[in-house]
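Asker: Coordinates only, no sequence provided:
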């Protein structure tokens, strides 16, 4: 289960927009919002892309996506 609050904090601290992240991930903005808000699950490739875009350490990635 995704730690939504921690993910939102990390996105805010990086100063990137949801639109930018979605574009870089190759999904729609609405699709990313659904994933962030827990309506749909992140795929492995999406977790990898977000970890790269947000420069997450492996520990941060695991804490957010594999809590």
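Answerer: All right, it came through fine. Quick caveat, the model's predicted, so the values are computed rather than measured.

Asker: rest of the way, CA atoms for contacts and neighbours
Answerer: Fine.

Asker: which of the residues in the helix or strand containing residue 30 are buried?
Answerer: Using DSSP states H and E, residue 30 maps to helix 29-36. Buried residues in helix 29-36, defined by neighbour count with 16 or more other C-alpha atoms under 10 Å: 29, 32, 35, 36.

Asker: could you say what helices and strands it packs with?
Answerer: Secondary-structure packing of helix 29-36 (3 or more C-alpha pairs under 8 Å, 6 or more residues apart in numbering; DSSP states H and E): helix 4-14, helix 18-25.

Asker: which one of those is the most hemmed in?
Answerer: Per-stretch averages of neighbours, counted by mean count of other C-alpha atoms under 10 Å, single out helix 18-25 among these, with a mean of 16.

Asker: Report the inter-axis angle for that helix versus helix 29-36.
Answerer: 100 degrees (axes from the mean of the first three to the mean of the last three C-alpha atoms, to 10 degrees).

Asker: packing partners for helix 18-25?
Answerer: helix 29-36, helix 44-53.

Asker: try it again with 10 Å
Answerer: For helix 18-25, the contact count by 3 or more C-alpha pairs under 10 Å, 6 or more residues apart in numbering; DSSP states H and E identifies helix 4-14, helix 29-36, helix 44-53 as packing neighbours.

Asker: Contacts made by it with the rest, please.
Answerer: 8, 11-12, 17, 26-33, 36, 45-50, 53-54 (C-alpha atoms under 10 Å, 6 or more residues apart in numbering).

Asker: Go through the helices and strands packed on helix 29-36 and name the closest to residue 41.
Answerer: Nearest to residue 41 among the helices and strands packed on helix 29-36 is helix 4-14 (11.3 Å), distances taken as C-alpha to C-alpha.
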